[in-house]
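Q: show me how the following folds:
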Amino acid sequence: MPPKYPRQQLKSVSIEVFFPGQLEILSRFGQIQREVGGSSQLSQLFVPNVQAGEPIALRPYQLRDVEGTRSLALAVNQVAYIAFDDYPGFESFREEALPKIRGVLESVEVENLSRVRYLYENEVGLQDRSGFEVSGLFPGVVPAGVIGAKVLSPFHSAAEWLESEDLVGFNARIEGSDPVLKVGLFASATGALALEGLEAAVERLHGRATHLFEAIISDQFRSLISEDES
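A: Numbering: from 1, shown residues only. I've put the predicted structure just below:
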């Protein structure tokens with residue numbers, strides 16, 4: 001099936017799982033590296049780069065494939081699986097990501113999770129197009145029930161709100177001399193969550209994020225990302 005929006009360029013999609021911090025996970029990094037490096041070709045190690053004052057223990061190490069399209073991120077309180085540029089669709093990505101995430105959690109004997117997040121980062125080229133402003137592309141950015149929304153500038157919008165028990169959020173900005181619209185979407189489940197509920201949470205959050213996108217975009221933006229460049 002062709003992509004629904006051929007001009008929407010997904011830069012990254014990730015499933016992020018947070019849990020109460022455990023120093024023990026540091027001693028398991030080598031074992032995890034050997035296991036995933038051999039079985040899934042995540043053989044490239046990237047160490048965290050931090051700014052002054054940032055806690056290095058909370059910044060993840062990343063195990064990436066040679067092509068730079070997949071990453072398993074590890075820190076003392078989180079594990080994430082990320083697809084860069086090459087997103088195969090939700091079903092395939094879930095089947096790829098969850099066994100690796102669950103393997104890490106079981107390796108460090110995590111039983112309860114503190115947060116699960118499904119995150120999209122998109123880019124849309126705006127070259128040779130005038131009159132496109134963030135405020136006009138996302139008219140539904142402040143729906144009913146909003147808990148904290150603000151327009152940061154004419155070219156940068158952000159909002160967060162509760163949808164049932166989950167938090168969903170949106171941000172967008174235009175960057176560069178050849179303008180590119182960068183759009184981020186997330187859905188996050190917070191509070192105590194048993195490991196057994198991880199798959200159901202990911203399924204629900206994916207649905208929240210895609211529903212959010214459809215709810216906030218304008219007909220103008222939908223037309224823009226639906227155009228076939230072939």
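Q: I'd assumed residue 101 was in a helix, is it?
A: Yes - counting by DSSP: H, G, I helix; E, B strand; the rest coil, residue 101 is part of a helix.
Q: name the SS class of residue 12, please.
A: Residue 12 ends up strand, using three-state DSSP.
Q: so the nearest residue to it once chain neighbours are set aside bridges to which residues?
A: What sits nearest to residue 12 in space, not counting adjacent residues and going by Cβ to Cβ, 6 or more residues apart in numbering, is residue 121, at 4.5 Å. Yep, even glycine has a C-beta here, placed from its N, CA and C like the rest. Beta-bridge pairing of residue 121, defined through DSSP bridges, involves residue 12, residue 184.
Q: hmm, residue 121 is touching residue 82, no?
A: No - counting by Cβ atoms under 8 Å, residue 121 does not reach residue 82; the two are 9.6 Å apart.
Q: so what sits against both of those two?
A: Residues touching both residue 121 and residue 82 by Cβ atoms under 8 Å, 6 or more residues apart in numbering: 12, 13.
Q: between these two, which is the more surrounded one?
A: residue 82 (22 against 18; other Cβ atoms under 10 Å).
Q: can I assume the more buried one sits in a strand?
A: Yes - assigned with three-state DSSP, residue 82 falls within a strand.
Q: residue contacts, the residue nearest to residue 12?
A: 10, 11, 12, 13, 182, 183, 184 are the contacts of residue 121 under Cβ under 8 Å, 6+ apart.
Q: how about a cut-off of 7 Å?
A: Shown in contact with residue 121 (Cβ atoms under 7 Å, 6 or more residues apart in numbering): 11, 12, 184.
Q: surely the first one touches residue 87?
A: Pointing back at residue 11 there. No - at 9.1 Å, residue 11 does not count as touching residue 87 under the criterion of Cβ atoms under 7 Å.
Q: can you redo the contacts of residue 121 as TSV with pLDDT, distance to residue 171 and neighbour count?
A: Below are the contacts of residue 121 laid out as TSV (pLDDT from 0 to 100; distance: Cβ to Cβ, whole Å; neighbours: other Cβ atoms under 10 Å):
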residue	pLDDT	distance to residue 171	neighbour count
11	87	14	16
12	91	14	17
184	85	5	16
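Q: can you list the weak-confidence ranges in the chain?
A: Applying pLDDT under 70 to the chain flags residues 1-3, 6-7, 37-40, 50, 53-57, 126-136, 139-164, 177-178, 227-230.
Q: for it, which segments count as helices?
A: With helices called from DSSP state H, the chain shows them at 24-39, 90-107, 134-137, 198-216, 219-226.
Q: so how far is residue 20 from the residue nearest to residue 12?
A: Using Cβ to Cβ, to the nearest Å, we find residue 121 at a distance of 27 Å from residue 20.
Q: now do residue 26
A: Distance from residue 26 to residue 20, by Cβ to Cβ: 15 Å.
Q: show me the chain divided up by domain.
A: What the record gives for the chain is the domain set 8-110, 112-230, from automatic domain parsing.
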